[in-house]
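Colleague: got a predicted model here, sequence first, then my questions.
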Amino acid sequence: MPKLNIGLTEEQLQGVINLLNADVSDMYLLLIKTKKFHWDVVGPQFRSLHQLWEEHYEALTENIDATAERVRMLGGYPVGTAEGFLKLSSIEEHAGDLPNTTEMVQRLVNDHEQIIRNLREHIDQCAEEFHDAGTADFLTGLMEQHEQMAWMLRSFIEGEALESNGRRSNVSQKSVAASVM
Ligand SMILES: [Fe+2]
């Protein structure tokens, strides 16, 4: 690793690089899953989901690139092999499975939530353990994007819980009435 004189020790830099490489790997696996569902989806929500997933994998592609380039900025080398992505990722694959639309959406919500939980920990580690406010800020931006993508996906499934009278079957009317929405 080349010597960088930016106020971080080699150990701190390496710690941050390791976190970023784990995040690149998670996003790469999620990119593959999002693209696969973009191809496979059928049914009344085809057009909406096909387009939404195209937007999501375009955003993921940009974010993977920015994260990998941040590894280079900190003097490291980004993971860039399928084997490496699989080894470092916390995202689960379901090869050979063709889920229905609701299950596709649910799996992607779960994956975005997994990444949000990881990023939240990594932000704390960058700020506290590794003294790297820049990467903590960068990862905060990524986390906010995943929160938005997860919300958009979750909204597809929540809509399916609506009954013909417009009420949600899985929410008690008492709790709805008690809130101000
Ligand atoms: Fe496409």
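Modeller: That came through, no problem.

Colleague: which residues touch the nearest residue to residue 108 once chain neighbours are set aside?
Modeller: With sequence-adjacent residues excluded and distances taken as CB to CB, 6 or more residues apart in numbering, residue 108 is closest to residue 153, at 5.4 Å. In this view, the C-beta of every residue, glycine as well, is placed from N, C-alpha and C. By CB atoms under 8 Å, 6 or more residues apart in numbering, the contact list for residue 153 reads 52, 105, 108, 109, 112.

Colleague: angles on the backbone of residue 153, please.
Modeller: phi -70, psi -40 (degrees, to the nearest 10).

Colleague: can you give me the helices for this structure?
Modeller: 10-40, 46-73, 82-88, 101-124, 133-159, 173-178 (DSSP state H).

Colleague: pull the distance from the longest one to the chain's centre.
Modeller: It refers to helix 10-40. Relative to its chain's centre, helix 10-40 lies at 8 Å (CA atoms, centre = their mean, to the nearest Å).

Colleague: centre-most residue in the protein?
Modeller: Relative to the mean C-alpha position of the chain, the nearest C-alpha, by CA atoms, centre = their mean, is the one of residue 112, at 3.8 Å.

Colleague: from residue 2, how far out is that residue?
Modeller: For residue 112, the distance to residue 2 equals 35 Å [CB to CB, to the nearest Å].

Colleague: for residue 13, same thing?
Modeller: From residue 13 to residue 2 the distance is 10 Å (CB to CB).
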